[in-house]
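In: fold the following and give me the result.
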Amino acid sequence: MEQVRNHTGKEQVRMKNIWLKIKNMKYRYKLTIILVVVSLVPMTVLAMYSYLRMSTLVRENEVDGMNSILVQTRNTIDSEVQVYTSLINYLTYSPDIEEIIRNKNMDPYECYELYTQVADPLLSVPKSYHEAILQIQLYADNLPVQHDYTLIPMSDAAGAWWYGELTERVTVQWMVNREKKEIAAVRRIYLDQEFCAMLCVILNYDKVFQPFRNITGNGSDGLVLDGSGRILFCSEESEVSAEFYENGEMLLEEICEKCACVDSKSQENSWVYYLYRPHVDITKSVSEVLMGEIPLIVLCLVIILVLGPVLSKMLTRGIELLTENMNRVKNGSREVTVTSDSEDEIGVLIGSFRSMMEEINRLIKEVYKNKIALKEFELKALQAQINPHFLYNSLSIINWMAIRSNQKEISRVTLALSTFYRTALSRGEDMVTVENCIKNIEAYLEIQLVMHDNDFQVEWKIDEGIKIEKVPKLILQPVVENALEHGLDLKEEGEKVLCLSFLEEKEDVLIIVEDNGEGMEQEKAESLVTYQAKGYGLKNVNDRICLLYGEEYAIRIFSEPGKGTRVEIRTPREGHCDVQKEKSY
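Out: Now for the predicted structure:
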């Protein structure tokens, strides 16, 4: 126990001696160590973060790129498959094909004439337009013998490689034979609800999957599976696929685990396309970039080790001189505010600074008080200069200059903008007359008509008796803006009309904004007053009206897809309710 205590005491003494050496070390050396450490640590952290971030970004970009390429390739093959499907459906419902299937016990000459003049051109011509088509064959019960390679008795269908995979479905069925390098598209034909024929299109395997083969290679590979997980296409000779190919099957789970893998399902059949690239290859590309940065990192390290001592010497040189100058005044009668027991240059600097601190604090307080007071006066003077009259005068100057330059359009927009802000500001009042509200919207629509090249019309319905009634300001502009942006702007055909009505309805003022735009479902329209959009939207207007007059005055919206939208705003007329004044913002 005594030995442990002695060992602990020696360790404490040794640590204390080390601390004293560091504490009393020349400031120049301290600063050198700090500069080197402070430079190396962020550089190391930044290098590690850059590597990790780069790895993540490269993987994400790789996956996004692979997914984009795969979707485009799948769409290309789907487009081709759709063409063949449409061809089969067209031939299935062709009257000529139906005639061939229905005719039984025909005269041999008539059969020969029908087959050569009708069937052969019908089933052979498409091959000249589509290079991938190898053969188009019709299997039927009423065919006694095979005619060329196009008309075959139904009994011979059992010998076809695709026959065993055929199901009872009446739609086009796709089968793939990797050994024969053929793809069969087969559709069963029914007449009078009886299965009597089959139409089969044999396609070139390589040409159909050529777009998919083009995106493999350079470290990436892919495969195509059917709905049951059977391999339809795979490059067994590929080095990437060879690792995951075992006993004629692809280890899909292992591929997803060891590779960056994306998949896309065909829209035309049950085929699923997979494109993958090993994580090792992706990481290797990141490592190559990092290896290219190693010389730069080494150069930075050398610069830090060289500049650290140089900079510390430059910095401490000024401090040493300052210490000497401060020693000359440290005997002055000034209050001490800081202390230090260090024996390095900073400790000496602090000891000298103590004698100056009181006077410096006093001067700082006086100077800052004077500066703060000056800034407050300057700010008040600046605020006094910024008022609506400055804005109106500026707009008037712009209008005068536009008139002088014969720019009538600019003058019209400037006057409209001046009117809009004058009626919007309304001398700081929260309630405005209906007449001022109309002027505000007229100015706003004047600007919008210029912006929209007058591609919509505005209709007004105004009861003269309500122009003197008071309504909250700025409640109509968001509604009109919504009608333009989400109604008329989306309408592509026909005349665009915006109708604004200011009507007297018993004890209320009724304001209606109606457009003949695209419209929407009523459920979506009713949700607009609850949707918190950016800016001053319908919800804000609705909340403000409800706060002033109650929930019974909430905004009502009626809409129907293709027929436009109608927004109704009601406010009580003066003398019919006790309107609570809005608080100033």
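
In: mind listing the helices for the stretch 201-350 of the chain?
Out: Taking DSSP state H, counting those that start in this stretch as the test, the helices found in the stretch 201-350 of the chain are 205-208, 210-214, 239-242, 252-258, 279-327, 345-385.

In: the spatially closest residue to residue 137 that is not a sequence neighbour: helix or strand, and which one exactly?
Out: Distance criterion C-beta to C-beta, 6 or more residues apart in numbering; nearest residue to residue 137, sequence neighbours excluded, is residue 200 at 4.7 Å. In short, each C-beta sits where N, CA and C put it, glycine included. Following DSSP states H and E, one finds residue 200 within strand 194-204.

In: now do that strand: distance to the chain's middle.
Out: Distance of strand 194-204 from its chain centroid, counting by C-alpha atoms, centre = their mean, to the nearest Å, is 46 Å.

In: now that strand: buried residues?
Out: Buried residues in strand 194-204, counted by 16 or more other C-beta atoms under 10 Å: 196-204.

In: put together CSV for those, with pLDDT and distance to residue 217 on each row.
Out: Converted to CSV, the buried residues of strand 194-204 look like this (pLDDT from 0 to 100; distance: C-beta to C-beta, whole Å):
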residue, pLDDT, distance to residue 217
196, 87, 47
197, 90, 43
198, 91, 38
199, 92, 36
200, 93, 33
201, 94, 29
202, 94, 28
203, 94, 23
204, 93, 21
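
In: tell me the one of the residues you listed nearest residue 28?
Out: residue 204 (80.9 Å; C-beta to C-beta).

In: what about the closest one, distance to residue 130?
Out: 10 Å (C-beta to C-beta, to the nearest Å).

In: look at residue 474 and give its secondary structure.
Out: coil (DSSP: H, G, I helix; E, B strand; the rest coil).

In: oh sorry, the question was meant for residue 569
Out: Under three-state DSSP, residue 569 comes out as strand.

In: which residues of the stretch 251-400 of the chain score low on pLDDT?
Out: Within the stretch 251-400 of the chain, the ranges that satisfy pLDDT under 70 run 251, 288-290, 313-340, 342-361, 364-365, 367-400.

In: show me where the stretch 451-585 of the chain has strands.
Out: Taking DSSP state E, counting those that start in this stretch to define them, one finds strands in the stretch 451-585 of the chain at 457-462, 470-472, 497-505, 508-515, 556-560, 564-572.

In: who touches the last one?
Out: Residues from elsewhere that reach strand 564-572, judged by C-beta atoms under 8 Å, 6 or more residues apart in numbering: 469, 471-472, 475-476, 479, 482-483, 486-487, 505, 507-520, 525, 538, 541, 545, 548-549, 553, 555-559, 579.

In: for PyMOL, write a command that selects the buried ones of those residues.
Out: Here is the PyMOL selection string for the buried members of these, based on 16+ other C-beta under 10 Å:
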select buried, resi 469+471+472+475+476+479+482+483+486+487+508+509+510+511+512+513+514+515+516+517+518+519+520+525+538+541+545+548+549+553+555+557+559
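
In: before we move on, the earlier item: what bridges to the residue nearest to residue 137?
Out: residue 137, residue 186 (DSSP bridges).

In: quick one: contacts for it?
Out: 135-139, 160, 162, 184-186.

In: if we use 6 Å, what do you get?
Out: 137, 184, 186 (C-beta atoms under 6 Å, 6 or more residues apart in numbering).

In: just these now: which is nearest residue 224?
Out: Distance to residue 224 across the contacts of residue 200 (C-beta to C-beta) is lowest for residue 184, with 15.4 Å.

In: look at the closest one and give its secondary structure.
Out: Relying on three-state DSSP, one would call residue 184 strand.

In: count the neighbours of it for me.
Out: 23 (other C-beta atoms under 10 Å).

In: from residue 132, how far out is it?
Out: 12 Å.

In: quick check: beta-bridge partners of residue 224?
Out: With DSSP bridges as the criterion, residue 224 is bridged to residue 233, residue 273.

In: so it touches residue 233, yeah?
Out: Yes. Assessed by C-beta atoms under 6 Å, residue 224 is found in contact with residue 233 at 4.0 Å.

In: check which helix or strand the closest residue to residue 311 other than its chain neighbours maps to.
Out: Distances taken as C-beta to C-beta, 6+ apart place residue 35 nearest to residue 311, at 6.1 Å, with adjacent residues excluded. Using DSSP H and E, residue 35 maps to helix 27-92.

In: out of the strands of the stretch 451-585 of the chain, nearest to residue 366?
Out: When those are compared (using C-beta to C-beta), the closest one is strand 470-472, at 50.8 Å.

In: picking up where we left off before, just the angle between the strand holding residue 200 and helix 27-92, please?
Out: If you take axes from the mean of the first three to the mean of the last three C-alpha atoms, to 10 degrees, strand 194-204 sits at 130 degrees to helix 27-92.

In: could you shift the numbering so residue one becomes 22, and keep it that way?
Out: Got it, first residue is 22 now, which makes that one strand 215-225.

In: can you dump the C-alpha coordinates of strand 215-225 into PDB?
Out: Presented in PDB, the C-alpha positions along strand 215-225 are these (Å, rounded to 0.1, in the frame of the first residue of the first chain):
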ATOM      1  CA  GLU A 215     -63.800 -22.100 -77.900                       C
ATOM      2  CA  PHE A 216     -60.000 -22.300 -78.100                       C
ATOM      3  CA  CYS A 217     -59.100 -23.100 -81.700                       C
ATOM      4  CA  ALA A 218     -55.900 -21.300 -82.600                       C
ATOM      5  CA  MET A 219     -52.700 -19.700 -81.400                       C
ATOM      6  CA  LEU A 220     -50.700 -16.800 -82.900                       C
ATOM      7  CA  CYS A 221     -46.900 -17.000 -82.200                       C
ATOM      8  CA  VAL A 222     -44.200 -14.300 -83.000                       C
ATOM      9  CA  ILE A 223     -40.700 -15.600 -82.700                       C
ATOM     10  CA  LEU A 224     -38.200 -12.800 -81.900                       C
ATOM     11  CA  ASN A 225     -34.400 -12.500 -82.000                       C
END
